[in-house]
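Provide a 3D model corresponding to the input given below.
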Amino acid sequence: MDGADASAGLPLWARFAAGFAAGIVAATVARAAKKQRAREDEDDDAKEPEKPPCGSGRRRALTVQPPQGRRVSAYLSALDSLCAKASVDEKDGKAVPVVSIVVGPEEARTLTEVRELLRGLAELPVDTMPAIQAFLLQKYDNYFDEGVDEDIRSYIETNYLRPSTPSLLQVLQKSKSPSGRIRSAVQSARFQNLRRSRSQSILRQKIKFTPPCLEALNKVDQWDFDLFSFLDHCNGQPLRFIFMYLLDEKYGLIGKLHLDEEKLDRFIVHIEQNYLPNPYHNAVHATDIVQTMHFLMWTVGVKDMITDLDILAVLIAAAGHDVDHPGVSNPFLVKTNADLAVRYNNRSVLENHHACTVTKLLLDKETNFMKDLSDDDQKYVRSCVIEMILATDMAEHFPHLSRLERRLADREAESCPIWDCTNCAGDRIEMLNCLIHAADIGNPARPRQLMQEWAQRVMTEFYGQGDKEKELGLSASPFCDRQALPDPLLKCQYGFAKNLVRPLFVSLTTVLPNLEHVLSTLDGNILYWEERQPSE
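Numbering: from 1, shown residues only. As a prediction, the model looks like this:
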């Protein structure tokens, strides 16, 4: 956190707290809606015990109990009172409750209107809401256990919170993808019936899949896929081998979408070659995310919720999500006024750079393998790729989690699907944004041996950044000082897995039950790190 932030009077996490207002209040109103419908079916005085949100194993924030046996107007009045105490805005010289600004006249309020309109609270500028920031400050703490280590908190504030309020998702307003390839009754058969003959595939012509390589790829659908063993069988090109294998052998997209094989191969080779030899953010990490997204689509079942164009976009985004990564974080680039930070106005600096690099290759006539797709379909794929890469910004972690929890609360209140993937492209991309972020931070949930290898790699890269910071006369970022005692690895990995990874995977497991074993592995690893924490 730099001096400018401190002078603003509020830390980053206090500013970010305003962004939670929409999700917190909407979840509260949604629970009230469910209770109200139940009371209207019974006597006015009937009481129904409140249930926690579906899949919630955590404390709830900003809970308001609606008055029992009374009409919803009484509840809204209580909600008004609560929010009026928390936040006021100076408008025309008068203090006006923020809820009134967002919702409007009382007579116009229905539960549906309130739930929808309160979501707009997240769009209000931070500088008009100092009071609600202070009030919601304590609600942010509900995302952590009491007494969370200050080093862990500092690391999270530095890397996972934006210095400004995030906007609600605004992408792909059309209800369907331009291609109209929405899931049909026969979609489940597409993965068996439309594969190209392997003898005619570029896999046979240019990429030499040896028997040991194919044996390793037989496990590519599994969470315990050993990527590090696979490195011995892929001719030093793990990203190219797995990317092409999945596109053709698993999903059959080369034939179904009439992709240009030569340009497709040229594209992925360019992507892999543009990864730098960093300890962590390198082509091996990109391959890991490609395999993880394949696991989520193929084994967990997400492929049945999305279109062929979405699958193509997922694999492209996963392959290129960290291309040309310099091995340092966004906060480092911002505080050193690096060229990339200046170019992208200090916002999602690396993610914008990665997305730009991938997009240029998709538009280059030498590597545009989608030339036989319609212009609308090509634009749709590029838009999805950009959105997913931008979603890997670690500062988007809490917005992802907040949106997911809001949807879980809405589903409990209205018996609606978490994401309407069949009819709404916006829902599909929001789901995929959340999943690629989960994949990007999911190494702590890998089997123990793989988890330890990834932990060593990321800490090596952290220490390299700390060395650069010291050379520039700057203090080392949290967990980046290799000389710190005790060893930062233990505290960093424990705090990261427990306070960031686990809450997201708990919510995702509610939506995708096939992730239960992944969550169980994560819990075992958290216990592993907890048992090794240094004594105070």
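
neighbours of Glu531, how many?
Residues within reach of Glu531, counting by other CB atoms under 10 Å, total 8. (Glycine included, C-beta is placed from N, CA and C.)

the chain: strands as residue ranges?
Listed in chain order, the strands of the chain (DSSP state E) span 88-91, 94-97.

what mean pLDDT does the first one get?
Okay, so that is strand 88-91. Strand 88-91 carries an average pLDDT of 39.

before we move on, what about stretch 294-301?
If you average the pLDDT over stretch 294-301, you get 96.

pretty sure Pro238 is touching Thr287, no?
Yes. Contact criterion CB atoms under 8 Å: Pro238 and Thr287 qualify, at 4.3 Å.

and the two? which has more neighbours close in?
Thr287 (25 against 22).

any idea how far that one lies from Leu217?
12 Å (CB to CB, to the nearest Å).

quick one on the thing from earlier: shared neighbours, Pro238 and Thr287?
Leu227 (CB atoms under 8 Å, 6 or more residues apart in numbering).

on that earlier part again, shared neighbours of Thr287 and Leu217, which are they?
Contact criterion CB under 8 Å, 6+ apart; residues shared by Thr287 and Leu217: Ile242.

show me what the longest helix along the chain is packed up against.
Taking DSSP state H as the criterion, the chain has its longest helix at helix 448-471. If contacts are counted by 3 or more CB pairs under 8 Å, 6 or more residues apart in numbering; DSSP states H and E, helix 448-471 sits against helix 227-230, helix 330-335, helix 488-496, helix 516-531.

which parts of the last one are buried?
Put plainly, it is helix 516-531. The neighbour-count check on helix 516-531 (16 or more other CB atoms under 10 Å) flags 518-519, 521-523, 525-526, 528-529 as buried.

dump the C-alpha coordinates for it into PDB.
Only the C-alpha atoms of helix 516-531 are listed here, as PDB (Å, rounded to 0.1, in the frame of the first residue of the first chain):
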ATOM      1  CA  GLU A 516     -16.000 -32.600  -3.400                       C
ATOM      2  CA  HIS A 517     -12.800 -34.700  -3.600                       C
ATOM      3  CA  VAL A 518     -10.800 -31.600  -4.600                       C
ATOM      4  CA  LEU A 519     -12.100 -29.700  -1.600                       C
ATOM      5  CA  SER A 520     -11.200 -32.700   0.600                       C
ATOM      6  CA  THR A 521      -7.600 -32.600  -0.700                       C
ATOM      7  CA  LEU A 522      -7.400 -28.900  -0.100                       C
ATOM      8  CA  ASP A 523      -8.500 -29.300   3.500                       C
ATOM      9  CA  GLY A 524      -5.800 -32.000   4.000                       C
ATOM     10  CA  ASN A 525      -3.200 -29.700   2.600                       C
ATOM     11  CA  ILE A 526      -4.400 -26.800   4.800                       C
ATOM     12  CA  LEU A 527      -4.000 -29.100   7.900                       C
ATOM     13  CA  TYR A 528      -0.500 -30.000   6.600                       C
ATOM     14  CA  TRP A 529       0.600 -26.400   6.500                       C
ATOM     15  CA  GLU A 530      -1.200 -25.600   9.800                       C
ATOM     16  CA  GLU A 531       0.800 -28.300  11.600                       C
END
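
the inter-axis angle of that helix versus helix 448-471?
For helix 516-531 against helix 448-471, the angle by axes from the mean of the first three to the mean of the last three CA atoms, to 10 degrees is 60 degrees.

which residues does helix 516-531 contact?
With CB under 8 Å, 6+ apart, helix 516-531 has contacts from 223, 442, 444-448, 451, 490, 493-494, 497-498, 501-502, 505-506, 509.

now do that helix, average pLDDT.
97.

one more: stretch 426-440?
Averaged over stretch 426-440, pLDDT sits at 94.

with stretch 377-391 instead?
On average, the pLDDT along stretch 377-391 is 96.

which of the residues in it are buried?
In terms of neighbour count (16+ other CB under 10 Å), stretch 377-391 has its buried residues at 377-378, 380-391.

list the contacts of that stretch.
Counting by CB under 8 Å, 6+ apart, 171-172, 177-179, 309-310, 312-314, 316-318, 320-321, 348, 351-352, 354-355, 358-359, 362-363, 370, 373, 396, 400, 425, 429, 432-434, 436-437 sit against stretch 377-391.

filter the residues you listed to the buried ones?
By neighbour count, with 16+ other CB under 10 Å, the contacts of stretch 377-391 hold 172, 177-179, 309-310, 312-314, 316-318, 320-321, 348, 351-352, 354-355, 358-359, 362, 370, 373, 396, 400, 425, 429, 432-434, 436-437 as buried.

filter the contacts of stretch 377-391 down to the ones in helices?
Judged by DSSP H, these include 309-310, 312-314, 316-318, 320, 351-352, 354-355, 358-359, 362-363, 400, 425, 429, 432-434, 436-437 as members of helices.

about what we covered before: closest one of the buried residues of stretch 377-391 to Gly327?
Within the buried residues of stretch 377-391, the smallest distance to Gly327 is 17.7 Å, found for Ile389 (CB to CB).
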